[in-house]
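In: For reference, the sequence and a predicted model appear below.
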Amino acid sequence: MLKIKDLHANVEGKEILRGINLEVNAGEVHAIMGPNGSGKSTLASVIAGNETYEVTAGDIFLNGENIEDLSPEERAHNGVFLSFQYPVEIPGVSVTNFMKTAINESRKAKGLEDMPAKDMLKLIRDKSELLEIDRKFLSRSLNEGFSGGEKKRNEIFQMAMLEPKLAILDETDSGLDIDALRIVANGVNKLKSKDNAVVVITHYQRLLEYIVPDFVHVLYNGKIVKSGTKELAMELEEKGYDWIKQEAAV
Amino acid sequence: MDLKDKLVSSFLAFENNVDVHNPVHDVRTEAIKNFETKGFPSRKEEAWKYTSLNSLQKIDFSIFPKKESSLEYKDVKKYFIHQIDTYKIVFIDGVFSSNLSETTHDGVDICLMSSALTKPMYKAVIDVYFNKVASKDESLTTLNTAFSREGAYIYIPKNKVPKKPIEIIHFSTGNDVALMLQPRNLIIAEENSEMQIIERHQSLTSNAVLTNCVTEIFAAKNAIVDYYKVQNDVDSASLVDNTYVDQKDGSHVKVHTFSFGGKLLRNNLNFYQNGERIDSTMKGITIIGDKQHVDHHTLVHHIEPNCESHQDYKGIYADSSTGVFNGKIIVDKIAQKTNAFQKNNNILISDKATINTKPQLEIFADDVKCSHGCTIGQLDEEALFYLQSRGIPKKEARALLMYAFANNVLESVSIPELKVRINKLIANKLGVNLGFDL
Amino acid sequence: MAYTEEELKKELETKEYEYGFYTDIESDTFPIGLSEEIVIAISKKKNEPQWMTDWRIEAYRVWEKMEEPDWANVHYEKPDFQAISYYSAPKKADPNKKLEDVDPELLEMYKKLGISVDEQKKLQNVAVDIVVDSVSVATTFKKTLAEKGIIFMPISEAIQEHPELVRKYMGSIVPTTDNFYAALNSAVFTDGSFCYIPKGVRCPMELSTYFRINQAGTGQFERTLLVADEGSYVSYLEGCTAPSRDENQLHAAVVELIAMDDAEIKYSTVQNWFPGNKEGKGGVYNFVTKRALCEKNAKVSWTQVETGSAVTWKYPSCILKGDNSIGEFYSIAVTNNYQQADTGTKMIHLGKNTRSTIISKGISAGKSQNSYRGLVQVSSRADNARNFSQCDSLLMGNECGAHTFPYIEVKNKSAMVEHEATTSKIGEEQIFYCNQRGIDTEKAIALIVNGFSKEVLNKLPMEFAVEAQKLLEISLEGSVG
């Protein structure tokens, strides 16, 4: 599904990613953990094609295809979904209208007709139930005045609507109370299948109790310094990141 | 003879008393020509739409005071912020009073414009700064430039901070039936320097006074200038204040204007941001009544990127008073990442009072955050009732609410004694005796 | 790679004005130039009564002494008023006004414009009075309206059939002496619409007029007079387009609305005159005077979507004379390339408890200049007047300008006036967020602009809103910030 080879990336001339190697296969859940400033969010943005970040070396393959030259929307059309750490507000654009546009644009890219209105409505109804979202919420302006929890739930709702192949959840657990966390995780688990993959980026182990990873990677100083299974996450929770830093320093 | 003709012909008399070979005089000659062409502004001009100078022009002002006067400190002490020690530059009927003043040359220059314009040691500075930011075509500014001779000269060198705040006070004694004054101030804050200035114009009688004042302020890199204008003159005194501020990288200039009295007050406050990371702040409280007229005219020109400006003007208008607020923000094409904010809130407390406000944005850059808001309203009746129900008499309750309305402008006043003084003036103006120390 | 700004710019440049075609209908056009004789000739051509002719002459004499105003924030070459033809009527216009009799080429033109004079529109319950160049050629639904006592006809006909109404109200809100362009219009107007809604009648359908400038070198001076009698209601739609031409065309219209006690008028405009090409050549000068009088408890709402014209000068206003009357102004003004717009409103509060709302959304792109100019005036007798104004500007690109000039004059202590204005741009984060969801940059901008304009779009009648939304997209295509 996703293969990253020796990826280096800069932002404003400063190197953030210093040689990332990662392979994610369909049906897998990967967790990327690491202390603040280790490059986790940068990695997510680079995969999604944010041009604020400059890729200086290395390659990203999606289903065997190098996506270097693809625009963010083309990557989205190919099944990449990023749940933003800080979703932006778009005043006056309702959640429904936004989703309708997004789905139809993706369909257009695939040469499909617009989704018929009644199918769209049904899809919205099903997915909002899955995430326990109030229908009134859907007519509000996108992320405007949303609480932290509402924003994150809205992100996962969009993921459910767009049915991506590769979902990257960037700090989706931050700002969530325990109930919201459970709803969000539950949504992600229901969307998981043998055909798609999920990359969970998180600072804490908390979310991983709900979304159980097959693999855990520790990112430090722009590199994956340690990989393991979910036990690694527990170990990190217990011991913190210092020992990783020391190991990396050696 | 109308006032304009009188001024133009007085220029010849003026020339007998100044050194016409001084290069400064070329500037004056050019300026009087401009004034002669333009004359006094009329209401047909957009900038003077709401303020008329017609009635002032009918008064037969003396252009030069007839005789010199002196004052005793004890008689005028109340006009100073006497609770603290300050440098003082004091003028009586436009003439420097060494008796009341405390100037200095100790590391900084806090002295007289007349010296700066004539003595060779200041020539280099005058060449660089005099009349460089002041408008060369706004008519009242050119009029002032033509007659520029006296005022305050303040030069703070790099990394210096004067030991105490500076007070500039102009008294008029009423020796003339009607007197026109044209003080000219030049204030230079070199890199990383800091200063606090309080300026006041005070007439001591009911004879007419018209002051047409021009102040040029230059704030070099990272300099901080904190300027307070206290306008609480008698009903026969009018003031047109023209302040021009030139700011360089990282400088912070704040101008607070407290307008509580005078017949006609017109404040032209112009900020030019010639650098990055500049902060310009303009705040004002206006509380007037009777037939008083206060017009605040501000301009912030954002010329370079990454700068901020903040404007906050509050006004309370009673009786037949008139208030004008005209605030303009210009953001040039290259001035990206500008944050410019402007607020103007007004309360009318009489049926005969008028407020005209015209906030104005002219934006040519796209990556900016600019906003202006203005409101005109009344005191909150429910809040008033609430206070009364807690036993506060209506008059005091109203005053308290008005005070609360204007209060946030005072937060940025950095001289505590001045803040106390302004608080007292507000209480006095609102006709109550409350220890406002909120 | 992502769609670059360069590519977008290129695409925009090659995008021609969609409605820029010229229909070859034989026109009956006057020689160019303006004189008292021409004014009389226009009046004669239209078989007008003497009082009308006199009124025009008086207006002409006033105009002759006036100077073209230059206080607006627009810069253009002043039109040569002697180089304009002041009358142009399609020759084949049928006096019986039956749709079947209309020149088929004309109908084809409407079709291209997306105006359906045909069944489709009828089903949608719209009565249309179409003004091509200056003469009204087709009025539908006249009968249904007549049953309710509603008069909706070209103003030239109204002058013949209802002279007492026209004479009473024309010029009562916008006097001939009001301003340069209003005076000119009063002297030379060739047609326009007249509408009268009787007491207590709720007009059962949206009334609609389409204006279009066709003939080269013709100025269009239409005149609209709408009288809503006590307790009546009407919603009126006005749409404007012009074919692309090299020279500038002048459009100086006058619209007068009278809302009597308890009456309500909704007046919606979608203005899409030719804006000129990407070099700023050609385009329409749109100098319009629109004003409404509100009597007791009356309400007038102006809604406008302004995407066209090279130069716009337009301030739909409300005189809130009656107690408890309400004025509203909702506006979207889009400028691109070299367009200049100076538009806004005046809310004159004279009566007690009068209320006004101003929502203005300006979007500037290309090298355009977009200004909001407004006046809120509260007179000393207007107790408890309320105004709320919100002016938001969106800038796209770094060669355009957005300006706000709100004037607020208050002489009454019980007034509450609030004005807010903001200027912003479309954020890169917003675009990336949309991109990540599979929405390309251009579509993302359209989406964001629509969101920005939503408060105003929502005020338009449904079908107009859809059209307006499309116009916004077309006007801004490729102008990425």
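Out: Okay, I see it.
In: contacts, neighbours, all on C-alpha from now
Out: Fine.
In: so how far is the helix or strand that residue C:374 is a member of from its chain's centroid?
Out: In this assignment (DSSP states H and E), residue C:374 forms part of strand C:369-378. Relative to its chain's centre, strand C:369-378 lies at 17 Å (CA atoms, centre = their mean, to the nearest Å).
In: Would you mind extracting the C-alpha trace of the helix or strand following that strand into CSV?
Out: Following strand C:369-378 in sequence order, the next helix or strand is strand C:386-395 (DSSP H and E). This file holds the C-alpha atoms of strand C:386-395, laid out as CSV (Å, rounded to 0.1, in the frame of the first residue of the first chain):
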residue,chain,number,x,y,z
ARG,C,386,-31.1,50.9,14.8
ASN,C,387,-28.5,50.1,12.3
PHE,C,388,-26.2,47.2,11.9
SER,C,389,-23.5,47.1,9.2
GLN,C,390,-21.1,44.5,8.2
CYS,C,391,-18.6,45.0,5.4
ASP,C,392,-16.3,42.1,4.6
SER,C,393,-13.6,42.1,1.9
LEU,C,394,-11.8,39.2,0.5
LEU,C,395,-8.7,39.8,-1.5
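In: Give me the residues contacting strand C:386-395.
Out: If you take CA atoms under 8 Å, 6 or more residues apart in numbering or on different chains as the criterion, strand C:386-395 is touched by B:365-366, C:353-365, C:372, C:376, C:401-402, C:404, C:415-426, C:481.
In: What segments of the chain are helices?
Out: Since you didn't name a chain, this refers to chain A. A:40-48, A:72-77, A:95-109, A:117-130, A:148-162, A:178-191, A:230-239, A:242-249 (DSSP state H).
In: let's do chain B instead
Out: According to DSSP H, the helices that chain B contains are B:3-15, B:23-38, B:54-57, B:73-76, B:113-118, B:123-129, B:139-146, B:381-389, B:394-407, B:416-429.
In: Identify each buried residue in the second one, please.
Out: Buried residues in helix B:23-38, counting neighbours by 16 or more other CA atoms under 10 Å in any protein chain shown, are found at B:24-25, B:27-29, B:31-32, B:34-36, B:38.
In: measure the spatially most central residue of chain A to residue C:250 for me?
Out: Centroid-nearest residue in chain A: residue A:168, 2.0 Å away (criterion: CA atoms, centre = their mean). Distance, residue A:168 to residue C:250, using CA to CA, to the nearest Å: 57 Å.
In: quick one on the thing from earlier: in contact with the residue nearest to the centre of chain A, which residues?
Out: Here residue A:168 is in contact with A:44, A:80-83, A:198-201 (CA under 8 Å, 6+ apart).
In: Identify the bridge partners of the residue nearest to residue A:58 when sequence neighbours are not counted.
Out: Counting by CA to CA, 6 or more residues apart in numbering or on different chains, residue A:58 lies nearest to residue A:7, which is 4.1 Å off, once chain neighbours are set aside. Beta-bridge pairing for residue A:7 (DSSP bridges): residue A:20.
In: dump the residue contacts of residue A:7.
Out: Counting by CA under 8 Å, 6+ apart, residue A:7 has contacts A:17-21, A:55-60.
In: One more pass at 7 Å, please.
Out: A:17-21, A:57-59 (CA atoms under 7 Å, 6 or more residues apart in numbering or on different chains).
In: Closest one of those residues to chain B?
Out: residue A:17 (28.4 Å; CA to the nearest CA).
In: which residues touch the residue lying closest to the closest one once chain neighbours are set aside?
Out: Nearest residue to residue A:17, sequence neighbours excluded (CA to CA, 6+ apart): residue A:222, at 4.1 Å. Applying CA under 7 Å, 6+ apart, we find residue A:222 in contact with A:16-18, A:38-39.
In: got a pLDDT number for residue A:222?
Out: Here, the pLDDT recorded for residue A:222 equals 91.
In: likewise residue C:177?
Out: At residue C:177, pLDDT is 88.
In: Tell me the spacing between the closest residue to it other than its chain neighbours and chain B.
Out: The shortest distance from residue C:177 to any non-neighbouring residue, by CA to CA, 6+ apart, is to residue C:183 (5.7 Å). Distance of residue C:183 to chain B, given as CA to the nearest CA, to the nearest Å: 23 Å.
In: Touching, residue C:183 and residue C:59? I think so.
Out: Yes. Between residue C:183 and residue C:59 there is a contact at 5.4 Å, judged by CA atoms under 7 Å.
In: Determine the three-state secondary structure at residue C:166.
Out: helix (DSSP: H, G, I helix; E, B strand; the rest coil).
In: ok, residue B:144 - contacts?
Out: Counted by CA under 7 Å, 6+ apart, residue B:144 has contacts B:182, B:212-214.
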